[in-house]
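S.K.: prediction below, plus the sequence it came from.
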Amino acid sequence: MDVFLLILAVFLVFTGILGAIIPGLPGPPIGFAGLLLVHLTALHSYSMNFLGIMGTLAVLITLLDYYVPIYGTKKFGGTKAGVRGSTIGLLVGVFVFPFLGIVIGPFGLLGIILGPFAGAYIGEKMGGTSDEQAWRAAFGSFLGFLAGTLMKLIYGLLVAFYVIRDITYIITK
(Lines give C-alpha, C1' and ligand atoms only; values in the text may rest on other atoms or scores of the structure.)
Protein backbone atom coordinates (compact mmCIF):
# COMPACT_ATOMS: atom_id res chain seq x y z
CA MET A 1 0.00 0.00 0.00
CA ASP A 2 2.87 2.39 0.81
CA VAL A 3 4.37 1.90 -2.64
CA PHE A 4 1.03 2.80 -4.23
CA LEU A 5 0.78 5.94 -2.06
CA LEU A 6 4.31 6.99 -3.03
CA ILE A 7 3.61 6.51 -6.74
CA LEU A 8 0.37 8.46 -6.41
CA ALA A 9 2.24 11.17 -4.46
CA VAL A 10 4.75 11.61 -7.27
CA PHE A 11 1.92 11.78 -9.81
CA LEU A 12 0.12 14.44 -7.74
CA VAL A 13 3.27 16.49 -7.25
CA PHE A 14 4.00 16.59 -10.98
CA THR A 15 0.34 17.35 -11.69
CA GLY A 16 0.67 20.20 -9.18
CA ILE A 17 3.62 21.60 -11.12
CA LEU A 18 1.56 21.39 -14.32
CA GLY A 19 -1.22 23.19 -12.45
CA ALA A 20 1.15 26.09 -11.88
CA ILE A 21 1.37 26.55 -15.63
CA ILE A 22 -2.05 25.39 -16.80
CA PRO A 23 -4.77 27.71 -15.47
CA GLY A 24 -7.83 26.00 -14.09
CA LEU A 25 -5.81 23.19 -12.55
CA PRO A 26 -5.27 24.05 -8.84
CA GLY A 27 -1.54 23.30 -8.64
CA PRO A 28 -0.69 24.12 -5.01
CA PRO A 29 -3.52 22.07 -3.43
CA ILE A 30 -2.76 19.12 -5.72
CA GLY A 31 0.95 19.28 -4.87
CA PHE A 32 0.13 19.52 -1.17
CA ALA A 33 -2.05 16.40 -1.50
CA GLY A 34 1.03 14.58 -2.84
CA LEU A 35 3.00 15.74 0.18
CA LEU A 36 0.24 14.47 2.47
CA LEU A 37 0.32 11.06 0.79
CA VAL A 38 4.03 10.72 1.59
CA HIS A 39 3.19 11.66 5.18
CA LEU A 40 0.47 9.00 5.33
CA THR A 41 2.86 6.18 4.49
CA ALA A 42 4.43 4.16 7.27
CA LEU A 43 7.81 4.92 5.70
CA HIS A 44 8.05 8.67 6.37
CA SER A 45 6.27 11.44 8.23
CA TYR A 46 6.49 15.21 8.35
CA SER A 47 6.04 17.38 11.43
CA MET A 48 2.66 18.97 11.97
CA ASN A 49 4.33 22.40 11.83
CA PHE A 50 5.76 21.65 8.39
CA LEU A 51 2.42 20.35 7.10
CA GLY A 52 0.62 23.36 8.58
CA ILE A 53 3.00 25.79 6.90
CA MET A 54 2.86 24.01 3.55
CA GLY A 55 -0.94 23.70 3.70
CA THR A 56 -1.33 27.36 4.60
CA LEU A 57 0.99 28.34 1.75
CA ALA A 58 -1.04 26.21 -0.68
CA VAL A 59 -4.25 27.99 0.34
CA LEU A 60 -2.68 31.48 0.34
CA ILE A 61 -1.02 31.05 -3.04
CA THR A 62 -4.23 29.69 -4.54
CA LEU A 63 -6.19 32.69 -3.23
CA LEU A 64 -3.48 35.18 -4.23
CA ASP A 65 -3.48 33.76 -7.72
CA TYR A 66 -6.96 35.22 -8.17
CA TYR A 67 -6.15 38.54 -6.49
CA VAL A 68 -2.73 39.40 -8.00
CA PRO A 69 -4.00 40.29 -11.52
CA ILE A 70 -6.46 42.70 -9.90
CA TYR A 71 -3.66 44.18 -7.79
CA GLY A 72 -1.47 44.55 -10.90
CA THR A 73 -4.24 46.48 -12.62
CA LYS A 74 -4.52 48.85 -9.68
CA LYS A 75 -0.74 49.22 -9.29
CA PHE A 76 -0.35 50.25 -12.93
CA GLY A 77 -2.81 53.09 -12.50
CA GLY A 78 -6.05 51.30 -13.13
CA THR A 79 -9.17 52.92 -11.73
CA LYS A 80 -11.99 51.15 -9.91
CA ALA A 81 -13.58 50.56 -13.32
CA GLY A 82 -10.42 48.78 -14.48
CA VAL A 83 -10.20 46.72 -11.29
CA ARG A 84 -13.85 45.72 -11.65
CA GLY A 85 -13.28 44.94 -15.31
CA SER A 86 -10.24 42.82 -14.44
CA THR A 87 -12.27 40.93 -11.85
CA ILE A 88 -15.13 40.34 -14.25
CA GLY A 89 -12.66 39.35 -16.97
CA LEU A 90 -11.00 36.86 -14.62
CA LEU A 91 -14.35 35.31 -13.72
CA VAL A 92 -15.34 35.10 -17.38
CA GLY A 93 -11.94 33.61 -18.19
CA VAL A 94 -12.21 31.03 -15.40
CA PHE A 95 -15.85 30.02 -15.69
CA VAL A 96 -17.03 30.82 -19.23
CA PHE A 97 -14.09 30.48 -21.61
CA PRO A 98 -13.18 26.86 -20.73
CA PHE A 99 -16.65 25.81 -21.92
CA LEU A 100 -15.89 27.22 -25.37
CA GLY A 101 -13.30 24.46 -25.84
CA ILE A 102 -11.74 24.45 -29.29
CA VAL A 103 -12.19 28.20 -29.84
CA ILE A 104 -10.25 29.10 -26.71
CA GLY A 105 -7.81 26.22 -26.38
CA PRO A 106 -6.96 23.55 -23.85
CA PHE A 107 -8.02 24.20 -20.25
CA GLY A 108 -9.23 27.69 -21.09
CA LEU A 109 -5.64 28.95 -21.03
CA LEU A 110 -6.28 31.78 -23.44
CA GLY A 111 -9.41 32.87 -21.57
CA ILE A 112 -7.65 33.00 -18.23
CA ILE A 113 -4.75 34.98 -19.66
CA LEU A 114 -6.85 37.32 -21.77
CA GLY A 115 -9.84 37.61 -19.42
CA PRO A 116 -8.25 39.93 -16.83
CA PHE A 117 -6.30 41.79 -19.54
CA ALA A 118 -9.36 42.44 -21.71
CA GLY A 119 -11.59 43.09 -18.69
CA ALA A 120 -9.22 45.74 -17.31
CA TYR A 121 -8.95 47.41 -20.72
CA ILE A 122 -12.72 47.39 -21.32
CA GLY A 123 -13.42 48.58 -17.77
CA GLU A 124 -11.00 51.48 -18.14
CA LYS A 125 -12.45 52.47 -21.50
CA MET A 126 -15.99 52.34 -20.12
CA GLY A 127 -14.80 54.54 -17.26
CA GLY A 128 -13.65 57.15 -19.74
CA THR A 129 -9.90 56.55 -19.40
CA SER A 130 -7.50 57.30 -22.25
CA ASP A 131 -6.28 54.50 -24.49
CA GLU A 132 -2.76 54.73 -23.06
CA GLN A 133 -3.96 54.43 -19.46
CA ALA A 134 -6.31 51.58 -20.35
CA TRP A 135 -3.46 49.64 -21.98
CA ARG A 136 -1.23 50.24 -18.93
CA ALA A 137 -3.92 48.90 -16.60
CA ALA A 138 -4.38 45.86 -18.86
CA PHE A 139 -0.61 45.28 -18.89
CA GLY A 140 -0.60 45.43 -15.07
CA SER A 141 -3.27 42.77 -15.05
CA PHE A 142 -1.14 40.55 -17.31
CA LEU A 143 1.92 41.05 -15.08
CA GLY A 144 -0.23 40.05 -12.12
CA PHE A 145 -1.16 36.87 -13.94
CA LEU A 146 2.53 36.11 -14.55
CA ALA A 147 3.35 36.79 -10.88
CA GLY A 148 0.64 34.36 -9.79
CA THR A 149 1.99 31.71 -12.13
CA LEU A 150 5.51 32.20 -10.76
CA MET A 151 4.28 31.84 -7.15
CA LYS A 152 2.51 28.58 -8.01
CA LEU A 153 5.53 27.25 -9.88
CA ILE A 154 7.92 28.00 -6.99
CA TYR A 155 5.56 26.28 -4.55
CA GLY A 156 5.19 23.28 -6.85
CA LEU A 157 8.95 22.92 -7.22
CA LEU A 158 9.43 23.23 -3.45
CA VAL A 159 6.91 20.45 -2.81
CA ALA A 160 8.57 18.34 -5.53
CA PHE A 161 11.94 18.85 -3.86
CA TYR A 162 10.67 17.56 -0.50
CA VAL A 163 8.76 14.63 -1.96
CA ILE A 164 11.57 13.49 -4.28
CA ARG A 165 14.17 13.96 -1.53
CA ASP A 166 12.16 11.94 0.95
CA ILE A 167 11.25 9.18 -1.49
CA THR A 168 14.92 8.92 -2.45
CA TYR A 169 15.76 8.62 1.25
CA ILE A 170 13.12 5.91 1.70
CA ILE A 171 14.45 3.94 -1.29
CA THR A 172 18.11 4.14 -0.22
CA LYS A 173 17.32 3.32 3.41
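M.R.: Nice, I can see it.
S.K.: buried ones in the helix or strand of the chain with the lowest mean pLDDT?
M.R.: Ranked by mean pLDDT, DSSP states H and E, the weakest helix or strand in the chain is helix 80-95, scoring a mean of 78. Residues 81-90, 92-94 are the ones in helix 80-95 that count as buried (16 or more other Cβ atoms under 10 Å). Any C-beta I mention is one placed from the backbone N, CA and C, and that applies to glycine too.
S.K.: with stretch 53-69 instead?
M.R.: Met54, Gly55, Leu57, Ala58, Ile61, Thr62, Leu64, Asp65, Val68, Pro69.
S.K.: measure the closest residue in space to Leu8 that isn't next to it in sequence to Leu114 for me?
M.R.: What sits nearest to Leu8 in space, not counting adjacent residues and going by Cβ to Cβ, 6 or more residues apart in numbering, is Leu37, at 5.7 Å. The gap separating Leu37 from Leu114 is 35 Å, by Cβ to Cβ, to the nearest Å.
S.K.: same check, this time on Ala33
M.R.: 30 Å.
S.K.: so where do the helices sit in the protein?
M.R.: When assigned using DSSP state H, the helices of the chain occupy the ranges 2-21, 27-40, 48-75, 80-95, 109-126, 131-172.
S.K.: residues touching Ile170, list them.
M.R.: Each residue near Ile170 by Cβ atoms under 8 Å, 6 or more residues apart in numbering is listed here: Leu6, Thr41, Leu43, His44.
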